[in-house]
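Asks: would you be able to build a 3D model of this:
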Amino acid sequence: MIGKVKVEGIPIWVSLFLMLIVAVGIGLGVPAMIGQGLMETHSIGWGGRQLGIAVGSILAITYRSQIGYLIVFTCAVFKEISDLIEVLSMPDPGVGMVLGFAPFIALELVALWYSYRAVQTR
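Replies: The predicted model follows:
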């Protein structure tokens, strides 16, 4: 199984992290698309972004594409940053909610760097 998701030049944990992004994207995106998001900020548009990242991730994993990984992680970083900006614009965002973005943004930035490096060395 692990060999099936290995992409040349990209550590396996990046592929596993991308699978987590797929699960989160589908798990949060589908309910938001049908109007049942977990928070009021989980609009149909927000759900569409989640599903878009998930579908792009599935394609990158399926085709074992270094460029696909680079594109998906670039989009994911911008999605997380825009979500963080939206949370910060709330009247009382809460420290826990803001800090919840930090690990995802950090991991996505490192994964983006690995993806970029893999594309450059092919």
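
Asks: roughly how far apart are the most centrally placed residue in the chain and Gly37?
Replies: By C-alpha atoms, centre = their mean, the mean C-alpha position of the chain lies nearest to Ala76, the distance being 4.1 Å. For Ala76, the distance to Gly37 equals 19 Å [C-beta to C-beta, to the nearest Å]. C-beta: built from backbone N, CA, C; applies to glycine.

Asks: please apply the same query to Phe73.
Replies: 24 Å.

Asks: ok, those two, which is more surrounded?
Replies: Phe73 (28 against 19; other C-beta atoms under 10 Å).

Asks: host element of the more buried one?
Replies: For Phe73, the element it lies in under DSSP states H and E is helix 66-88.

Asks: that helix - contacts with which helices or strands?
Replies: Counting contacts by 3 or more C-beta pairs under 8 Å, 6 or more residues apart in numbering; DSSP states H and E, helix 66-88 packs against helix 12-33, helix 44-63, helix 95-120.

Asks: Ser89: which of these is closest?
Replies: helix 95-120 (11.5 Å; C-beta to C-beta).

Asks: could you check how far the closest one is from the centre of its chain?
Replies: In terms of C-alpha atoms, centre = their mean, to the nearest Å, the centre of helix 95-120 is found 9 Å from the chain centre.

Asks: buried ones in it?
Replies: Phe101, Phe104, Ile105, Leu107, Glu108, Ala111, Leu112, Tyr114, Ser115, Ala118, Val119 (16 or more other C-beta atoms under 10 Å).

Asks: quick check: which ranges of the chain have low pLDDT?
Replies: Applying pLDDT under 70 to the chain picks out residues 1-3.

Asks: quick check: Glu40 vs Ile10, distance?
Replies: Taking C-beta to C-beta, one finds Glu40 at 37 Å from Ile10.

Asks: just Gly48 next, same as before
Replies: Following C-beta to C-beta, the distance that separates Gly48 from Ile10 is 27 Å.
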